[in-house]
Structures are given as C-alpha cells and as structure tokens.
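Q: Sequence below, structure please.
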Amino acid sequence: QAYVAAANRGRYVVENFQETPSVGDGLAVMVESYQRLHLDDLAATSLEVLKTNYPNHPQLVDGKFNPRQAEADN
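A: From the prediction side, this is the model:
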C-alpha cells in the first residue's frame, strides 16, 4: 500500500538527513501514514517527536496534527 511506502520514505529522511529542515516533514509524513494504517502507537510516538522538536510545524495546529490529505475512501 502507498502509506507503507510513504512511512518508509519519511523514516528514511529522519534517519539520514538529521541536520536538515526536512526532518519535520519526514516526521509529519510518518504520522499521517501511520494514522492511515491504524498503527496508533507508531503514529503517537512520531507525533510526540514532531511536537517536541518542531512545535511550529505547519501541520500542527493548536498542538494537534492536521493531515495534508482528507480521508479518502479506500
């Protein structure tokens, strides 16, 4: 499924580009992908890292995660 691939790409960014601004986006991709896959523990962990390290990330609104894509019918 596409969400598995997206989560893997996000993780790759986080692991390999740690000193770049792209890490926040990688974490956001991971959060959204894990949420779509119903991997709640992984989504929650990734979200906490995003909130802690990138509190002003555009996908965080009032401390809550705002997904880029509306929920699609699968």
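
Q: rest of the way, CA atoms for contacts and neighbours
A: Noted.

Q: Please enumerate the strands of the protein.
A: 60-61, 64-65 (DSSP state E).

Q: Columns mean pLDDT on top of these, output as JSON lines?
A: Below are the strands of the chain laid out as JSON lines (pLDDT from 0 to 100):
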{"stretch": "strand 60-61", "mean pLDDT": "96"}
{"stretch": "strand 64-65", "mean pLDDT": "94"}
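
Q: remind me which residues of the chain are low pLDDT?
A: Applying pLDDT under 70 to the chain flags the ranges 70-74.

Q: middle-most residue in it, spatially?
A: residue 28 (2.4 Å; C-alpha atoms, centre = their mean).

Q: Tell me who's in contact with that one.
A: By C-alpha atoms under 8 Å, 6 or more residues apart in numbering, the contact list for residue 28 reads 10, 46-47, 50, 59.

Q: what about residue 9, how many neighbours?
A: 16 (other C-alpha atoms under 10 Å).

Q: how about it, what does it touch?
A: Counted by C-alpha under 8 Å, 6+ apart, residue 9 has contacts residue 26.

Q: again, but for residue 46
A: 27-28, 30-31.

Q: Any figure for the gap between it and residue 25?
A: In this view, residue 46 and residue 25 are 11 Å apart by C-alpha to C-alpha, to the nearest Å.

Q: same deal with residue 51?
A: For residue 51, the distance to residue 25 - C-alpha to C-alpha - is 12 Å.

Q: With residue 60 instead?
A: From residue 60 to residue 25 the distance is 11 Å (C-alpha to C-alpha).

Q: Burial check on residue 12, number of neighbours?
A: 15.

Q: what's the nearest residue to it if we skip its chain neighbours?
A: Spatial nearest neighbour of residue 12, chain neighbours left out: residue 26 (7.9 Å); criterion: C-alpha to C-alpha, 6 or more residues apart in numbering.

Q: now residue 59
A: residue 66 (4.9 Å).

Q: go on, residue 22?
A: residue 13 (7.1 Å).

Q: Let me know how buried that neighbour is, in neighbour terms.
A: Neighbours around residue 13, by other C-alpha under 10 Å: 18.
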